[in-house]
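> predicted coordinates and the sequence they were generated for:
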Amino acid sequence: MSKIEIKNVYKIFGENPEKILPMVQKGATKEEILEETGHTIGLDNVSINVEEGETFVCMGLSGSGKSTLIRHINRLIDPTSGQVSVEGTNVMELNEKNLIDFRRHRMSMVFQRFGLFPHKTVIQNVGYGLEVQGKKIDERNKIAMEKIEAVGLNGFEHQYPNQLSGGMQQRVGLARALATNTSIMLMDEAFSALDPLIRSDMQKQLIDLQAQLKKTIVFITHDLDESLRLGDHIGILNDGKLVQVGTPIDIIMNPADDYVSAFVKDVNRAKVIKAKIIMVSANKFNGSKNINTIKVNEDSFIDEFLPKVCLTQATIEVVDKSGNIKGYITDKELSTALTKNHSNGVFKSQK
Ligand SMILES: Nc1ncnc2c1ncn2[C@@H]1O[C@H](COP(=O)(O)OP(=O)(O)OP(=O)(O)O)[C@@H](O)[C@H]1O
Ligand SMILES: [Mg+2]
């Protein structure tokens, strides 16, 4: 059983979605449906499984259905047809009380526009979800301070949101989501309002946190680089349809259609591909190792270690946080990842 399962979900917006559903199921396009019936297709037969501990990124252009999809997970939206289950619970079967409980304890959400309370300080904002859960002030503050530290905001705990930059406010949003200690985090365009350098910092911070916390994250973005950097798997939406699901390498090497190809065309691979994605697992490696070796963390991007390797021609040992060797990367893997097109699955997910 996957942590989150979305099965054959259709969402049609308008007066009478049920009446329109058969037309959609017969293959009418979003454009046709809008023109002929005035209804809007939000999601068109979408199925995804999100596994425990992974970051699943949902990507697509504006209006492709990303927010509609994520809102089904905590049932802010009911599907016109199809099933949504979270940790084995069918969300459509929750009564009002259980639904409130489910939202408070099972998942947290981070939004694009921070969603902080302007009249509460940083520590009060971060502790808010705990307050709702009924935790006492001392415990709230203790946990809130831990999370404030985790996102690098110590010293700012008694400031108000309007005293912070956008990037700092987003860190508060992230700390608040971490504080409730839910195993699922839903992030809708969480970094999209940040300027590029700060955004890249936040991505790195999320990757670092995730290496320790192993939450199940559904992350929404319209940015391909961000998807590739963060996602273990990526689902690409176009006009409410899921056009491709795959690992970053699957998406780069084998784009499913022109829509995905258009996204992938100009990607800077060194910046978005992680060591763990291209390594050959230690137990499968039978290539020749150089005497020189360089240790590289499994979550590093190629551009972070490429310069060192080029100079020394070393073999790369890919290690986890505790220093255990997970795999190896030689020139061959590097050059395939950086230069080869549509490689017939050479790098199909090595999970
Ligand atoms: N409440 C609603 N009523 C009517 N139509 C809606 C509603 N919410 C979304 N839609 C439509 O459903 C489609 C998908 O919208 P959605 O907000 O999920 O897109 P998105 O991918 O999140 O876009 P963005 O990147 O701009 O946030 C759009 O065509 C939108 O117009
Ligand atoms: Mg949206």
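Sure, I can see it. Ligands and ions are numbered 1, 2, ... in the order given.
> buried set for the helix or strand containing Gln212?
Per DSSP states H and E, Gln212 falls inside helix 196-213. Buried positions in helix 196-213, judged by neighbour count with 16 or more other Cβ atoms under 10 Å: 198-200, 202-203, 206-207, 209-210. C-betas here are computed from N, CA, C, even on glycine.
> can you give me how far that helix is from the chain middle?
With Cα atoms, centre = their mean, to the nearest Å as the basis, helix 196-213 stands 11 Å off its chain's centre.
> using CSV, write out every CA atom in that helix.
The C-alpha trace of helix 196-213 is given here as CSV (Å, rounded to 0.1, in the frame of the first residue of the first chain):
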residue,chain,number,x,y,z
PRO,A,196,16.3,32.7,-7.5
LEU,A,197,19.2,32.6,-5.1
ILE,A,198,17.0,32.4,-2.0
ARG,A,199,14.8,29.8,-3.8
SER,A,200,17.8,27.7,-4.5
ASP,A,201,18.9,28.0,-0.8
MET,A,202,15.4,26.9,0.3
GLN,A,203,15.5,23.9,-2.0
LYS,A,204,18.8,22.9,-0.6
GLN,A,205,17.5,23.3,2.9
LEU,A,206,14.5,21.2,2.2
ILE,A,207,16.7,18.4,0.7
ASP,A,208,18.9,18.5,3.8
LEU,A,209,15.9,18.4,6.2
GLN,A,210,14.3,15.6,4.1
ALA,A,211,17.5,13.5,4.4
GLN,A,212,16.9,13.4,8.1
LEU,A,213,13.2,13.6,8.4
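> which other helices and strands does that helix contact?
Where contact means 3 or more Cβ pairs under 8 Å, 6 or more residues apart in numbering; DSSP states H and E, helix 196-213 is packed against helix 166-179, helix 224-230.
> and the residue of the stretch 101-250 of the chain nearest ligand 1?
Nearest residue of the stretch 101-250 of the chain to ligand 1, counting by Cβ to the nearest ligand atom: His222, 5.0 Å away.
> residues touching that residue, list them.
59-62, 66, 189, 192 (Cβ atoms under 8 Å, 6 or more residues apart in numbering).
> give me the lowest-pLDDT entry from those.
Note: of the contacts of His222, the lowest pLDDT belongs to Ser192, at 86.
> is it true that that residue touches Gln203?
No: counting by Cβ atoms under 8 Å, Ser192 stays clear of Gln203, with 11.6 Å between them.
> could you chop the protein up by domain?
Per the record, the chain has its domains at 49-269, 272-339, by automatic domain parsing.
> any chance of those in a markdown table, with distance to Leu34 too?
What follows is the domains of the chain, written out as a markdown table (distance: least, Cβ to Cβ, whole Å):
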| stretch | distance to Leu34 |
| --- | --- |
| domain 49-269 | 10 |
| domain 272-339 | 34 |
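> among these, which is the most enclosed?
Among those, domain 49-269 has the highest mean neighbour count (mean count of other Cβ atoms under 10 Å), at a mean of 19.
> now the end-to-end length of that domain.
Counting by Cα to Cα, to the nearest Å, you get 26 Å between the two ends of domain 49-269.
> which positions in the stretch 201-350 of the chain make contact with ligand 1?
Counting by Cβ under 6 Å from any ligand atom, the residues of the stretch 201-350 of the chain close to ligand 1 are His222.
> for the stretch 201-350 of the chain, give me the ranges with low pLDDT.
Across the stretch 201-350 of the chain, residues meeting the criterion (pLDDT under 70) sit at 341-350.
> could I get the full set of strands for it?
Taking DSSP state E, counting those that start in this stretch, the strands of the stretch 201-350 of the chain run over residues 216-221, 233-238, 241-246, 280-281, 293-297, 315-319, 325-329.
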